[in-house]
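Participant: let me see the structure of the following:
(4 chains)
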There are 2 protein chains.
Amino acid sequence: MDETDRKILAAIQADASVSIAEMADAIGLSHTPFWRRLKKLEADGVIRKRVAILDPEKLGLAITVFANIRLRQHDEETLEAFERQVAEYPEVIECYSMSGETDYVVRAVVRSIDEYERLLKRKLLHLPGVIAINSHFALKCIKLTTQLPV
Amino acid sequence: MDETDRKILAAIQADASVSIAEMADAIGLSHTPFWRRLKKLEADGVIRKRVAILDPEKLGLAITVFANIRLRQHDEETLEAFERQVAEYPEVIECYSMSGETDYVVRAVVRSIDEYERLLKRKLLHLPGVIAINSHFALKCIKLTTQLPV
DNA sequence: TATGAAACGCCATCCCC
DNA sequence: GGGGATGGCGTTTCATA
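Facilitator: Now for the predicted structure:
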């Protein structure tokens, strides 16, 4: 993967709606080699998929919450069950297992505080092994992108 | 925005590479009304843009870090300067101002611990008003999606 | 006012150089 | 890496209820 590939990736992760011909001569390449590189990057899995990015506000999803989750037990089965189930909640946009005191951090988006309370009390707190959850609300989104540094 | 629009949004935020005709009859609609609704959702800004999602691993971006940032002062200018500058770092994928003790939480992706150390010491710690940063490393990504609950 | 059918024109794709 | 041909699809217009 050379410099030209990186330019292609940068372009297509910024805006995938422009035509191949346009992108190609934006980076100074004719459309055929551009297309060939693109297909290779897709085949190699560097480009995972094409998606539409929606506006959370316009969908009424005004609230972003970070939930720091601690488990009571850390055996294989509990972790596996927790991870499988937490990933299924559509409100959960991100989840990572973490170093430090917190076992997992979850980012969820919800329409209201009420909805988060339900997510917390009825779903997250009942996940396998959960002993404590610490919730932090985002006041404002400064940056949220899908563009990786290539 | 009715149930049909939600189906369109769900489909296109899951996979924007399939043709309009295919999506249309997947949700039981002929392609013209589907297309009109799509254009309206774009015009209304519900659909913000189309992008390609890249694989961080394949790009060598193996490490995800959450940085909890505290500022020493909270006057308008400091906040504004901090927010403007933090958003410019390509390693910073997300940043939110938060309730609670932490002023800002940042999610960054880097190639190595070394690279994070440089990001922290040379960039983040020098941002306007910063007094303390607490870094937490992700051990594993359980879920990371762009799909919002529609 | 929302949907279905049909024609147009562009662009992704594949050929060869 | 580049140029050219083609087939399919997004786009637009017309017709319908």
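Participant: A:Ala62 reaches A:Asp114, doesn't it?
Facilitator: No: counting by CB atoms under 8 Å, A:Ala62 stays clear of A:Asp114, with 12.0 Å between them. No exception for glycine: its C-beta is placed from N, CA and C like everyone else's.
Participant: so A:Trp35, which of the three states?
Facilitator: helix (DSSP: H, G, I helix; E, B strand; the rest coil).
Participant: that one: what's it in contact with?
Facilitator: A:20, A:24 (CB atoms under 8 Å, 6 or more residues apart in numbering or on different chains).
Participant: quick one, strands of chain A?
Facilitator: Taking DSSP state E as the criterion, chain A carries its strands at A:47-54, A:63-71, A:92-98, A:104-110, A:130-144.
Participant: of those strands, which stretch is the most buried?
Facilitator: Of all the strands of chain A, strand A:104-110 carries the top mean neighbour count, a mean of 23, counting by mean count of other CB atoms under 10 Å in any protein chain shown.
Participant: next one, pLDDT for A:Leu79 please.
Facilitator: Looking at A:Leu79, its pLDDT is 98.
Participant: what's the answer for A:Ala26, then?
Facilitator: pLDDT, A:Ala26: 92.
Participant: please look at A:Arg48 and B:Asp55 and confirm they touch.
Facilitator: Yes: A:Arg48 lies in contact with B:Asp55 (CB under 8 Å); the separation is 5.1 Å.
Participant: once you drop chain neighbours, what's closest to the residue of chain A most remote from its centre?
Facilitator: No residue in chain A sits farther from the centre than A:Ser30, which is 33.1 Å out by CA atoms, centre = their mean. In this structure, A:Ser30 finds its nearest non-sequential neighbour in A:Ala24, 6.1 Å apart by CB to CB, 6 or more residues apart in numbering or on different chains.
Participant: surely that neighbour meets A:Phe34?
Facilitator: Yes: applying CB under 8 Å as the test, A:Ala24 and A:Phe34 come out as touching, 3.7 Å apart.
Participant: so for the two, which residues contact both of them?
Facilitator: If you check A:Ala24 and A:Phe34 against CB under 8 Å, 6+ apart, no residue is contacted by both.
Participant: rewinding a little: so for DNA strand D, which of the strands of chain A sits nearest?
Facilitator: Closest approach to DNA strand D among the strands of chain A (CB to the nearest atom of the strand): strand A:47-54, 11.4 Å.
Participant: now the angle from the closest one to strand A:130-144?
Facilitator: Compare the direction of strand A:47-54 with that of strand A:130-144 by axes from the mean of the first three to the mean of the last three CA atoms, to 10 degrees and you get 80 degrees.
Participant: bridged to A:Arg50, which residues?
Facilitator: Beta bridges link A:Arg50 to B:Ala52, judged by DSSP bridges.
Participant: if I read this right, it contacts B:Gln13, doesn't it?
Facilitator: No: between A:Arg50 and B:Gln13 there is no contact under CB under 8 Å: 10.6 Å.
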